[in-house]
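Peer 1: Fold the following.
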Amino acid sequence: MRMESASPDDRLTLGEVTARTGMPASALRFYESKGLIFAERSGGNQRRYRRHMLRRVSFIQIARRLGIDLAAVAEIFATLPVDRAPTQADWERVSRSWKRELEGRRRFIENLEHQLVGCIGCGCLSMKSCGLLNPDDDLGRRGQGPVRLDEASR
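Peer 2: I've put the predicted structure just below:
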(Lines give C-alpha, C1' and ligand atoms only; values in the text may rest on other atoms or scores of the structure.)
Protein backbone atom coordinates (compact mmCIF):
# COMPACT_ATOMS: atom_id res chain seq x y z
CA MET A 1 0.00 0.00 0.00
CA ARG A 2 1.22 3.50 -0.76
CA MET A 3 2.75 5.52 2.03
CA GLU A 4 3.07 8.93 0.34
CA SER A 5 0.48 11.58 1.09
CA ALA A 6 -2.96 10.91 -0.33
CA SER A 7 -4.41 13.00 -3.10
CA PRO A 8 -8.06 13.10 -4.18
CA ASP A 9 -6.84 12.29 -7.69
CA ASP A 10 -5.15 9.05 -6.59
CA ARG A 11 -6.24 5.87 -8.28
CA LEU A 12 -6.32 2.84 -6.00
CA THR A 13 -5.91 -0.76 -7.08
CA LEU A 14 -8.51 -3.39 -6.30
CA GLY A 15 -6.17 -4.78 -3.63
CA GLU A 16 -5.76 -1.37 -2.01
CA VAL A 17 -9.52 -0.83 -1.88
CA THR A 18 -10.09 -4.28 -0.36
CA ALA A 19 -7.38 -3.60 2.23
CA ARG A 20 -8.84 -0.20 3.13
CA THR A 21 -12.50 -1.24 3.27
CA GLY A 22 -12.33 -4.88 4.33
CA MET A 23 -14.62 -5.78 1.44
CA PRO A 24 -13.69 -8.81 -0.65
CA ALA A 25 -12.73 -8.20 -4.26
CA SER A 26 -15.77 -10.19 -5.41
CA ALA A 27 -18.08 -7.78 -3.56
CA LEU A 28 -16.35 -4.77 -5.12
CA ARG A 29 -16.73 -6.28 -8.59
CA PHE A 30 -20.40 -7.00 -7.82
CA TYR A 31 -21.01 -3.40 -6.67
CA GLU A 32 -19.28 -2.18 -9.80
CA SER A 33 -21.52 -4.41 -11.96
CA LYS A 34 -24.54 -2.81 -10.25
CA GLY A 35 -23.27 0.72 -10.94
CA LEU A 36 -22.74 1.56 -7.26
CA ILE A 37 -18.99 2.13 -7.62
CA PHE A 38 -16.87 2.82 -10.67
CA ALA A 39 -13.39 1.89 -11.76
CA GLU A 40 -11.22 3.04 -14.59
CA ARG A 41 -8.87 0.68 -16.37
CA SER A 42 -5.09 0.96 -16.42
CA GLY A 43 -3.00 0.34 -19.52
CA GLY A 44 -2.75 -3.27 -18.34
CA ASN A 45 -6.57 -3.46 -18.02
CA GLN A 46 -6.48 -3.48 -14.21
CA ARG A 47 -9.15 -1.71 -12.19
CA ARG A 48 -8.24 1.65 -10.70
CA TYR A 49 -10.66 3.30 -8.30
CA ARG A 50 -10.71 6.99 -7.54
CA ARG A 51 -10.05 7.56 -3.86
CA HIS A 52 -13.57 8.86 -3.21
CA MET A 53 -14.98 5.43 -4.10
CA LEU A 54 -13.79 4.39 -0.61
CA ARG A 55 -16.62 6.52 0.79
CA ARG A 56 -19.16 4.87 -1.48
CA VAL A 57 -18.00 1.43 -0.37
CA SER A 58 -18.19 2.51 3.28
CA PHE A 59 -21.68 3.88 2.71
CA ILE A 60 -22.74 0.58 1.14
CA GLN A 61 -21.47 -1.21 4.24
CA ILE A 62 -23.44 1.13 6.49
CA ALA A 63 -26.57 0.66 4.38
CA ARG A 64 -26.24 -3.12 4.64
CA ARG A 65 -25.97 -2.88 8.44
CA LEU A 66 -29.11 -0.73 8.50
CA GLY A 67 -31.01 -3.19 6.32
CA ILE A 68 -31.23 -0.81 3.37
CA ASP A 69 -31.35 -2.76 0.13
CA LEU A 70 -29.02 -2.16 -2.79
CA ALA A 71 -31.82 -0.78 -4.96
CA ALA A 72 -32.30 2.06 -2.45
CA VAL A 73 -28.53 2.60 -2.34
CA ALA A 74 -28.44 2.79 -6.13
CA GLU A 75 -31.29 5.29 -6.12
CA ILE A 76 -29.42 7.56 -3.72
CA PHE A 77 -26.06 7.10 -5.43
CA ALA A 78 -27.66 8.19 -8.73
CA THR A 79 -27.94 11.66 -7.18
CA LEU A 80 -24.24 11.81 -6.25
CA PRO A 81 -21.39 12.88 -8.51
CA VAL A 82 -19.24 10.14 -9.99
CA ASP A 83 -16.34 12.26 -11.22
CA ARG A 84 -15.52 13.85 -7.87
CA ALA A 85 -15.93 13.25 -4.18
CA PRO A 86 -19.39 14.12 -2.87
CA THR A 87 -19.52 17.15 -0.62
CA GLN A 88 -20.54 17.07 3.02
CA ALA A 89 -23.87 18.55 1.95
CA ASP A 90 -24.36 15.63 -0.47
CA TRP A 91 -23.77 13.09 2.30
CA GLU A 92 -26.00 15.00 4.73
CA ARG A 93 -28.83 14.90 2.19
CA VAL A 94 -28.37 11.14 1.82
CA SER A 95 -28.30 10.68 5.59
CA ARG A 96 -31.52 12.67 6.02
CA SER A 97 -33.23 10.55 3.39
CA TRP A 98 -32.21 7.30 5.07
CA LYS A 99 -33.09 8.68 8.49
CA ARG A 100 -36.66 9.23 7.26
CA GLU A 101 -36.76 5.68 5.93
CA LEU A 102 -35.51 4.27 9.23
CA GLU A 103 -38.05 6.35 11.17
CA GLY A 104 -40.80 4.91 8.98
CA ARG A 105 -39.56 1.39 9.68
CA ARG A 106 -39.50 2.12 13.40
CA ARG A 107 -43.11 3.35 13.31
CA PHE A 108 -44.14 0.25 11.36
CA ILE A 109 -42.44 -2.07 13.90
CA GLU A 110 -43.97 -0.19 16.84
CA ASN A 111 -47.42 -0.51 15.26
CA LEU A 112 -46.84 -4.20 14.61
CA GLU A 113 -45.73 -4.68 18.22
CA HIS A 114 -48.89 -2.90 19.44
CA GLN A 115 -51.06 -5.15 17.26
CA LEU A 116 -49.23 -8.24 18.45
CA VAL A 117 -49.74 -7.34 22.12
CA GLY A 118 -53.43 -6.79 21.38
CA CYS A 119 -53.61 -10.08 19.53
CA ILE A 120 -52.06 -12.02 22.39
CA GLY A 121 -54.55 -10.40 24.76
CA CYS A 122 -57.68 -10.99 22.68
CA GLY A 123 -57.74 -14.75 23.19
CA CYS A 124 -59.47 -15.55 19.91
CA LEU A 125 -57.11 -18.44 19.18
CA SER A 126 -58.10 -18.25 15.52
CA MET A 127 -55.63 -17.81 12.69
CA LYS A 128 -58.56 -17.39 10.27
CA SER A 129 -60.31 -14.55 12.10
CA CYS A 130 -57.27 -12.85 13.63
CA GLY A 131 -57.34 -9.11 13.03
CA LEU A 132 -53.58 -9.11 12.67
CA LEU A 133 -53.37 -11.91 10.10
CA ASN A 134 -56.75 -11.25 8.47
CA PRO A 135 -57.54 -7.51 8.79
CA ASP A 136 -60.62 -7.64 6.51
CA ASP A 137 -62.31 -10.42 8.45
CA ASP A 138 -66.11 -10.12 8.69
CA LEU A 139 -66.22 -11.69 12.14
CA GLY A 140 -64.04 -8.88 13.44
CA ARG A 141 -66.90 -6.43 12.88
CA ARG A 142 -69.19 -8.55 15.05
CA GLY A 143 -67.01 -8.35 18.13
CA GLN A 144 -63.81 -9.39 19.81
CA GLY A 145 -62.72 -12.81 20.89
CA PRO A 146 -64.13 -16.19 19.81
CA VAL A 147 -67.26 -14.84 18.04
CA ARG A 148 -68.30 -18.23 16.55
CA LEU A 149 -67.94 -19.98 19.88
CA ASP A 150 -70.01 -17.27 21.60
CA GLU A 151 -72.71 -17.57 18.92
CA ALA A 152 -72.77 -21.36 19.18
CA SER A 153 -73.25 -21.24 22.94
CA ARG A 154 -76.34 -19.01 22.71
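
Peer 1: okay, CA-based contacts and neighbour counts for the rest of this
Peer 2: Fine.

Peer 1: Assign the residue positioned nearest the centre of the chain to helix, strand or coil.
Peer 2: Using Cα atoms, centre = their mean, the residue of the chain that lies closest to the mean C-alpha position is residue 68, 0.2 Å off. Secondary structure, DSSP: H, G, I helix; E, B strand; the rest coil: residue 68 is coil.

Peer 1: what's around residue 77, how many residues?
Peer 2: Close neighbours of residue 77, defined as other Cα atoms under 10 Å, add up to 18.

Peer 1: actually residue 29, not the one I typed
Peer 2: Applying other Cα under 10 Å, we find 17 residues neighbouring residue 29.

Peer 1: and it, what element?
Peer 2: helix 25-33 (DSSP states H and E).

Peer 1: So which other helices or strands are in contact with that helix?
Peer 2: Under the contact definition 3 or more Cα pairs under 8 Å, 6 or more residues apart in numbering; DSSP states H and E, helix 25-33 sits against helix 14-21.

Peer 1: who are the neighbours of the helix it packs on, in terms of helices and strands?
Peer 2: Using 3+ Cα pairs under 8 Å, 6+ apart, helix 14-21 is in contact with helix 25-33, strand 47-50, helix 53-65.

Peer 1: I'd like the distance from the second one to the chain centre, please.
Peer 2: For strand 47-50, the gap between its own C-alpha mean and the chain's C-alpha mean amounts to 25 Å (Cα atoms, centre = their mean, to the nearest Å).
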